[in-house]
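A.B. asks: return a 3D structure for these sequence lines:
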Amino acid sequence: MTEKKEEISVKFDNITSEIDEESYLSFNCEVIFENLYDDEFICEYQLSFYNKSDHIHFGTLEKCIINSNQNNIYCYASLNIDGAYIPNEFKLYYRLSKEIGEIKFSPKLPQKKNTAVINSPPKGLLGGNKWGSKSVEIHTLVIKNDTDGYFNYKFIASTSRLDERGIIFKFSTADNEIVGDPIIFSTPFITQTANVEASEKADVSCKIFQPLKWVELINKNSFTTEKISNE
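C.D. replies: Prediction:
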């Protein structure tokens with residue numbers, strides 16, 4: 001019988017909060033995800049600050065990749081704030097996206113400097129896009145061999161399932177692997193660019209992710225903000 005996996009759990013650690021004489025507050029904490037096993041996730045997260053029950057500030061919505069080897073996130077916030085409303089409580093809103101598919105192919109490469117190749121997906125028997133999976137399609141991958149020994153590349157991808165699909169695009173050569181920033185689709189079409197040292201061969205992996213539900217995690221212990229001098 002297969003052993004049942006424990007559910008993912010999350011905890012806070014290393015919480016620090018400081019405010020200077022000009023009411024500039026700096027907050028930091030570490031968020032640790034446990035029981036991720038061999039899975040990889042896109043993690044979206046946002047901090048929210050309170051003084052007792054009064055809401056003071058929403059942090060910026062961030063995204064990152066987490067897995068069992070990199071299972072912690074360093075959250076921070078910096079803001080100017082009225083000294084009478086220094087936060088002593090916070091919440092973390094987060095959403096994980098699990099991997100549900102992958103698109104893999106080996107693109108054609110421009111071997112001469114200052115030339116470019118436009119890679120387009122092959123068609124299936126019924127005319128469908130072979131660079132597609134789980135409602136995500138890659139439409140083009142343009143690769144330019146620049147004059148400095150690097151490939152500059154840009155791809156265009158699409159989905160009709162907005163806020164229900166995400167991707168991580170990886171471009172690999174014999175010596176390098178470029179992992180793009182995680183993307184959650186908020187528009188039908190997206191594009192991303194990057195560069196990598198030129199090579200004779202390359203492989204592309206576009207992992208596809210499905211967002212799970214948003215979770216509100218409350219820090220159950222209040223924290224104190226240390227006042228510091230600007231001197």
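A.B. asks: pLDDT at the spatially most central residue of the chain, what is it?
C.D. replies: In the chain, the residue lying closest to the centroid (C-alpha atoms, centre = their mean) is residue 64, at 3.1 Å. Residue 64 carries a pLDDT value of 97.
A.B. asks: apart from its chain neighbours, what residue comes closest to it?
C.D. replies: Closest residue in space to residue 64, ignoring its immediate chain neighbours: residue 43 at 5.5 Å, by C-beta to C-beta, 6 or more residues apart in numbering. (Each C-beta comes from the backbone N, C-alpha and C, glycine too.)
A.B. asks: could you do residue 172 as well?
C.D. replies: residue 203 is the one closest to residue 172 (C-beta to C-beta, 6+ apart), at 4.8 Å.
A.B. asks: right, and the one you found touches residue 106 too?
C.D. replies: Yes: under the criterion of C-beta atoms under 8 Å, residue 203 makes contact with residue 106 at 5.3 Å.
A.B. asks: ok, these two, which is more surrounded?
C.D. replies: Comparing residue 203 with residue 106 by other C-beta atoms under 10 Å, the one with more neighbours is residue 203, at 14 against 11.
A.B. asks: which residues are in contact with that one?
C.D. replies: Neighbour list for residue 203: 104-106, 171-173 [criterion: C-beta atoms under 8 Å, 6 or more residues apart in numbering].
A.B. asks: mind giving me the domain split of this protein?
C.D. replies: Domain assignment of the chain by automatic domain parsing yields the ranges 9-99+213-227, 100-211.
A.B. asks: contacting residues around stretch 27-38?
C.D. replies: Contacts of stretch 27-38 (C-beta under 8 Å, 6+ apart): 5-17, 43, 45, 47, 49, 66-68, 71-78, 87, 90, 92, 94.
A.B. asks: among the residues you listed, which are located in strands?
C.D. replies: 9-17, 43, 45, 47, 49, 66, 72-78, 90, 92, 94 (DSSP state E).
A.B. asks: of the residues you listed, buried ones?
C.D. replies: Restricting those to buried positions leaves 10, 12, 17, 43, 45, 47, 49, 66, 73, 75, 77, 90, 92, 94, with burial counted as 16 or more other C-beta atoms under 10 Å.
A.B. asks: do I have it right that the second one meets residue 219?
C.D. replies: Yes: contact criterion C-beta under 8 Å: residue 12 and residue 219 qualify, at 5.6 Å.
A.B. asks: what do these two both touch?
C.D. replies: Shared contacts of residue 12 and residue 219, counting by C-beta under 8 Å, 6+ apart, come down to residue 92.
A.B. asks: wait, isn't residue 152 in contact with residue 198?
C.D. replies: No: Residue 152 is beyond contact range of residue 198, at 9.9 Å (criterion: C-beta under 8 Å).
A.B. asks: who has more neighbours, those two?
C.D. replies: Shown here are residue 152 and residue 198; by other C-beta under 10 Å, residue 198 has more neighbours (19 against 16).
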